[in-house]
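Trainee: Turn this into a structure:
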Amino acid sequence: MSLLGAKGIHATAVKSHQNLSSLLALLKEKQIQPKFSAPYFHENVIHIPDAKRIVQACAERGVLIGLCVEDYYPELKDCVLVCVTETKTAQDLQEYISVLFSFC
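Mentor: Next up is the predicted model:
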């Protein structure tokens with residue numbers, strides 16, 4: 001990261017945040033909402049009914065859709081921590097939605 005310099009790190013952070021915002025907008029169209037309303041950077045927790053089954057089914061297909069946080073925080077049943085970095089494209093985000101909803 002130090003090779004990026006201050007402007008490069010800023011651009012990377014902005015792109016990561018924009019990508020997560022884009023993913024959350026796509027999820028919202030499908031009635032999937034963030035669990036919390038607090039500000040976010042490039043990670044957020046979303047509520048997906050039957051999350052454990054869906055996370056496992058996607059993983060078996062080779063797609064990591066996020067971390068099922070219920071194992072660590074039982075009060076967050078059916079919640080998944082998602083992270084989007086600067087490397088993801090609009091096509092990557094659409095593929096995420098397609099894979100996720102093939103199991104919902």
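Trainee: SS state for the residue most central in space within the chain?
Mentor: The centroid of the chain falls nearest to residue 82 when counting by CA atoms, centre = their mean (2.8 Å). For residue 82, the assignment made with DSSP: H, G, I helix; E, B strand; the rest coil gives strand.
Trainee: Let me know whether it touches residue 21 as I believe.
Mentor: No. Residue 82 is beyond contact range of residue 21, at 11.9 Å (criterion: CB atoms under 8 Å). All C-beta spots, glycine's among them, are computed from the backbone N, C-alpha and C.
Trainee: Give the residues shared as contacts by the two.
Mentor: With CB atoms under 8 Å, 6 or more residues apart in numbering applied, the contact sets of residue 82 and residue 21 do not overlap.
Trainee: that older thread, which pLDDT value does the model give the residue nearest to the centre of the chain?
Mentor: On pLDDT, residue 82 comes in at 97.
Trainee: now it, nearest residue through space, not along the chain?
Mentor: residue 66 (4.2 Å; CB to CB, 6 or more residues apart in numbering).
Trainee: residues near that neighbour, how many?
Mentor: 22 (other CB atoms under 10 Å).
Trainee: That one and residue 79 touch, don't they?
Mentor: No. Here residue 66 lies out of contact with residue 79, judged by CB under 8 Å, at a distance of 9.1 Å.
Trainee: Mutual contacts of those two, please.
Mentor: Common neighbours of residue 66 and residue 79 (CB under 8 Å, 6+ apart) are residue 46.
Trainee: List the buried residues of the helix or strand where residue 24 lies.
Mentor: Under the criterion of DSSP states H and E, residue 24 resides in helix 5-29. Applying a neighbour-count criterion of 16 or more other CB atoms under 10 Å, the buried positions in helix 5-29 are 12, 15, 16, 17, 19, 20, 23, 24, 26, 27.
Trainee: Understood, closing this out.
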